[in-house]
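J.: Okay, predicted coordinates and the sequence, questions at the end:
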Amino acid sequence: MRKKRVLLLSEGFGAGHTQAAYALSENMRQLYPGIQTRVLELGAFLHPTLARWIFSAYRKTLHSQPKLYGKLYRFQYKKSLNPITQMALHRIFYAQTAQIITQLRPDAIVCTHPFPSIVVSRLKRAGLSVPLCTVITDYDVHGTWISPEVNKYLVSSDKVKTKLLHRGVAGDKIEITGIPVHPGFRQPHDKTEIRRRFELASIPTVLVMGGGWGLIGGDTVLDEMLRWRDRVQLIFCFGSNQKALAKCQEDPRFLHPHVKLLGFTNEVDKLMEVSDLLVTKPGGMTCTEGLAKGIPMLFHKPIPGQEEENLLFFTENGFGESILSEETIHLWFKGLSERGNEMRRMREDIRESCRNMFQTDYSQVIMTLIHKEEQQSV
């Protein structure tokens, strides 16, 4: 009997969409060892040169004109893509995506970004019978995610489900599973071994994610964090932002045994394991990984749009707090250095809340969808 195949389609507008696809792929492989999965960033796979140009322009807009991005997000909030954009997607991706599906013969298609979901929805209108599952990778739902051809939506929260219901999506199409994270974020790790490998001290530790988004230079929030370096260990994770990493490596404020500067790493789950607090922008993926680890979070400068909604979800549920000034940093770092037991109890509370929020496993939803399609085709 042929092994089941799942095709996961994403886009490179930020790392979170593709991270969710790979996380779901790994979860499915662990839960169902015989399954075959394939992850593709559709734009980069089909048109790599064009995709690089589009993604670069997108990143520049986010950093240089975040308010403009926010206005565009809100303007289209309850709408699907306009006809011109839909036609562009159709001309660029439609025929080649159909060829990929014909070649790979998946039993289900999972999309972690709206664009491939729109393309596959159009193929389904033209006769494609493969079930389509769309994973919404934020704590909000933009109109571009919604299409009547989607068989299942995997969503992050009850609030997102309610928004989908208000926009006419049937309740039996929606499952509250949480955003997929790599299994390592749900597993405990040996803290002693992690500290040894990364040369970390056994003292209160703060993980700072995203060195390129405004914590560098004369920022008062950064200055306040570094003032605590004798009592609180700081791990700065810069990802692929080599320019920001090099800048900090030359800054004397970072030359301290309790300050660690890291570039790209695949071991964020282990760094979160040994950290007591996460300072980050409220991106859907990073925040969900922090939630799975039960780590309290401080949020810095959300991008207008979905990050503002993510921030609202996490602060309303008591999983973190927005950084309003250096006083926010002072109070949390003081708590870390003086009330460690209280902070550890908070972590357990977050883990328990996470367990109670998501009763449905995303991998099981997809396999159930595949089996249902098989039964209907018999």
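T.: Great, that's in hand. Residues are numbered from 1 along each chain as shown.
J.: Residues contacting stretch 95-114, please?
T.: Applying C-beta atoms under 8 Å, 6 or more residues apart in numbering, the external contacts of stretch 95-114 come out as 4-11, 13, 17-18, 20-21, 24, 38, 40, 42, 46, 81, 116-117, 119-120, 123, 128, 130-135, 137, 142, 144-145, 366, 369-370, 373-374. In this view, the C-beta of every residue, glycine as well, is placed from N, C-alpha and C.
J.: Equivalent analysis for stretch 23-36, please.
T.: Outside of stretch 23-36, the residues within contact range by C-beta under 8 Å, 6+ apart are 3-6, 8, 37, 39, 110, 112, 135, 180-183, 361-364, 366-367.
J.: Strands - which of those residues land there?
T.: Of the contacts of stretch 23-36, the ones assigned to strands by DSSP state E are 5-6, 8, 37, 39, 110, 135.
J.: Just put those in a markdown table and tack on distance to Pro252.
T.: Putting these into a markdown table (distance: C-beta to C-beta, whole Å) gives the following:
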| residue | distance to Pro252 |
| --- | --- |
| Arg5 | 54 |
| Val6 | 50 |
| Leu8 | 45 |
| Thr37 | 47 |
| Val39 | 42 |
| Val110 | 48 |
| Val135 | 44 |
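J.: Now the buried members of those residues.
T.: 5-6, 8, 37, 39, 110, 135 (16 or more other C-beta atoms under 10 Å).
J.: Closest one to Val259 out of the residues you listed, please.
T.: Distance ranking of these against Val259, using C-beta to C-beta, places Val39 first at 35.2 Å.
J.: My guess is that closest one contacts Tyr22. True?
T.: Yes: taking C-beta atoms under 8 Å as the definition, Val39 is a contact partner of Tyr22 at 5.6 Å.
J.: which intervals of the stretch 1-150 of the chain have sub-threshold pLDDT?
T.: Scanning the stretch 1-150 of the chain for pLDDT under 70 picks out the ranges 1, 14, 44-94.
J.: Which residue ranges of the stretch 101-250 of the chain form helices?
T.: 114-125, 158-166, 191-198, 220-226, 242-249 (DSSP state H, counting those that start in this stretch).
J.: most centrally placed residue in this structure?
T.: Geometric centre of the chain, nearest residue: Met285, 1.6 Å, by C-alpha atoms, centre = their mean.
J.: Please name the residues that touch that one.
T.: 15-17, 19-20, 137, 179, 181.
J.: Leu8 now?
T.: 21-22, 24-25, 37-40, 109-112.
J.: so what's it bridging to?
T.: Beta-bridge pairing of Leu8, defined through DSSP bridges, involves Val39, Val110.
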